[in-house]
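> Curious how this folds, go ahead:
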Amino acid sequence: MRGLEACRSDVQNTERNGRALILKIAFRVDANSEIGTGHVMRCLTLAKGIQNLLDASGTLHRITFVNSQKSTLLQERYGPCNLNHEVVQHIDSDVGHVDADLWIVDHYQLDETFEQKLSLTGAKVMVIDDLASRPHYCDLLLDVNFFDKGNRYEMLVPPKCKMLLGPEYALLRQEFYEQPTQDFMKRNPVRVLVCFGGSDPSNMTSLTLDAIASIKEVQLQVDIVIGSGHQAKRDVIAKVSQINLITKHNIRLHIDCDRIAELMKKASLMVGAGGSMHWERCISTLPALVICVAENQVETTRCLSKENVCKYLGFWDQVSVTDVARTLVSLLQSPSKLKAMSECAGNIVPRHSGTPCVSKHVLSLLQPLSLEQA
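Prediction:
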């Protein structure tokens, strides 16, 4: 890969002169209870992929995450990942004080106006998007949406922009590539995983728990995954305890779970949202009952539902406890349907692409850089 080889060569040349090149990469991304944690989580995944390549090449680097003041959810994860952290006052605040050779912008409220300012500093710019709703000024664009509308970004990005489009570029954590694929029919047929993301602003976790509590036809083994920033965490904890006491279901609650890939590989069905979790489920060959919690999740979910990858139940404010309970029982009592869904899901996201591939494309943007004092 040209960019990474160039960086390695520069490091070797500067070491002979007693100096070292530091490659500087910055992410502009936010997370709060309203927008959720998905943007930061996928940026953390990409940052780790980039770190792995740079560490392997011996390239010195500094990676910084920049959040706006009211959107610092998950900031406690930056330090353990060897990432720097900066906070700006507003979403569109100037970030000129952050020195970067490459900016990665993952934000629905930022567009070409913000990105062009980054480019004027001499930095390369990558954008992560899935809306195709506004123009961008960038060198590389990533959109992992499944549906095909032709080139949605043709009039929204500069001609020079390279585009990575489709779920084969989904940013998945290393654990998903490492987990072995298990024969679906060997999984526990009544094990259900429930996860609506770390913050779950619509609190669909509680609604799903109410649905599970009402089920009498099947005795379920259930894993519930939430983040420590879940707005209704106390309510979820109380419901899990109550349902375990009054029903025959066995429910385990996981807060800030670091083994979601393992749980996906063990489950026979998941109840969750759309978004990036689609691709985690697909690489795990896990059928899903999906409730969309954001408008930008709907189109991809509908397309995947038509492909028999998941069952789309509806938008969160149109789904009832009864809807979830009835559909859960119907699917769990139809092993052949679940097996077919598992096979279809496994055809969507290839195991040989994803985060490592995107990381290489990102670093290929960087040509030999001017030498800087370490």
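> Would you mind measuring from S199 to L164?
Counting by Cβ to Cβ, to the nearest Å, the gap from S199 to L164 is 27 Å. To be clear about C-beta, it is placed using only N, CA and C from the backbone, and glycine gets the same treatment.
> Looking at those two, which is more packed in?
Using other Cβ atoms under 10 Å as the criterion, S199 and L164 rank with S199 on top: 24 against 18.
> And what about the more buried one, helix, strand or coil?
Under DSSP: H, G, I helix; E, B strand; the rest coil, S199 falls in the coil class.
> Now it: phi and psi?
phi -100, psi -30 (degrees, to the nearest 10).
> what sits against it?
By Cβ atoms under 8 Å, 6 or more residues apart in numbering, the residues touching S199 are A31, N32, S33, G36, T37, L73, G227, G229, H230, Q231.
> The helix ranked longest in the chain: what's the following helix or strand?
The longest helix of the chain (DSSP state H) is helix 38-57. Helices and strands here follow DSSP states H and E; after helix 38-57, the next one along the chain is strand 60-68.
> Check which residues of that following strand are buried.
Using 16 or more other Cβ atoms under 10 Å as the test for burial, strand 60-68 gives L60, H61, I63, T64, F65, V66, N67, S68.
> picking that back up, and which of the contacts of S199 is nearest D99?
A31 (23.3 Å; Cβ to Cβ).
> Can you give me every residue that contacts the closest one?
T37, H39, V40, N67, S71, T72, L73, L74, S199.
> one step back: would JSON lines of the buried residues of strand 60-68 with distance to M204 and pLDDT be doable?
Below are the buried residues of strand 60-68 laid out as JSON lines (distance: Cβ to Cβ, whole Å; pLDDT from 0 to 100):
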{"residue": "L60", "distance to M204": "44", "pLDDT": "94"}
{"residue": "H61", "distance to M204": "38", "pLDDT": "96"}
{"residue": "I63", "distance to M204": "33", "pLDDT": "98"}
{"residue": "T64", "distance to M204": "33", "pLDDT": "98"}
{"residue": "F65", "distance to M204": "28", "pLDDT": "98"}
{"residue": "V66", "distance to M204": "30", "pLDDT": "98"}
{"residue": "N67", "distance to M204": "25", "pLDDT": "98"}
{"residue": "S68", "distance to M204": "26", "pLDDT": "98"}
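> quick one: pLDDT of the residue nearest to S228 when sequence neighbours are not counted?
Leaving aside its chain neighbours, S228 sits nearest to D256 (5.1 Å; criterion: Cβ to Cβ, 6 or more residues apart in numbering). With respect to pLDDT, D256 scores 92.
> try N145
88.
> got it, and Q231?
pLDDT, read off for Q231, is 87.
> Show me what the longest helix of the chain packs onto, helices and strands only.
helix 2-16, strand 22-29, strand 60-68, strand 102-106, strand 124-128, helix 355-363 (3 or more Cβ pairs under 8 Å, 6 or more residues apart in numbering; DSSP states H and E).
> hmm, who's touching the fourth one?
So the one you mean is strand 102-106. The contact list for strand 102-106 (Cβ under 8 Å, 6+ apart) reads 23-29, 39, 42-43, 46, 114-115, 118, 123-129, 138, 362, 365-366.
> okay, the helices and strands packed on helix 38-57 in CSV with distance to Q221 next?
What follows is the helices and strands packed on helix 38-57, written out as CSV (distance: least, Cβ to Cβ, whole Å):
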stretch, distance to Q221
helix 2-16, 45
strand 22-29, 35
strand 60-68, 37
strand 102-106, 35
strand 124-128, 36
helix 355-363, 30
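> Now Y137: phi and psi?
Taking degrees, to the nearest 10 as the convention, Y137 sits at phi -120, psi 100.
> Would you mind measuring from it to K124?
Counting by Cβ to Cβ - Y137 and K124 are separated by 11 Å.
> repeat for V321
V321 is 49 Å from K124, by Cβ to Cβ.
> Show me where this protein has its helices.
Along the chain, counting by DSSP H, helices occupy 2-16, 38-57, 112-120, 174-178, 204-214, 233-246, 260-266, 277-283, 298-306, 321-332, 335-346, 355-363.
> from the ones you listed, which stretch is densest packed?
helix 277-283 (a mean of 25; mean count of other Cβ atoms under 10 Å).
> Can you report how many residues neighbour the closest residue to I283 other than its chain neighbours?
In this structure, I283 finds its nearest non-sequential neighbour in V349, 4.5 Å apart by Cβ to Cβ, 6+ apart. For V349, the neighbour count with other Cβ under 10 Å is 25.
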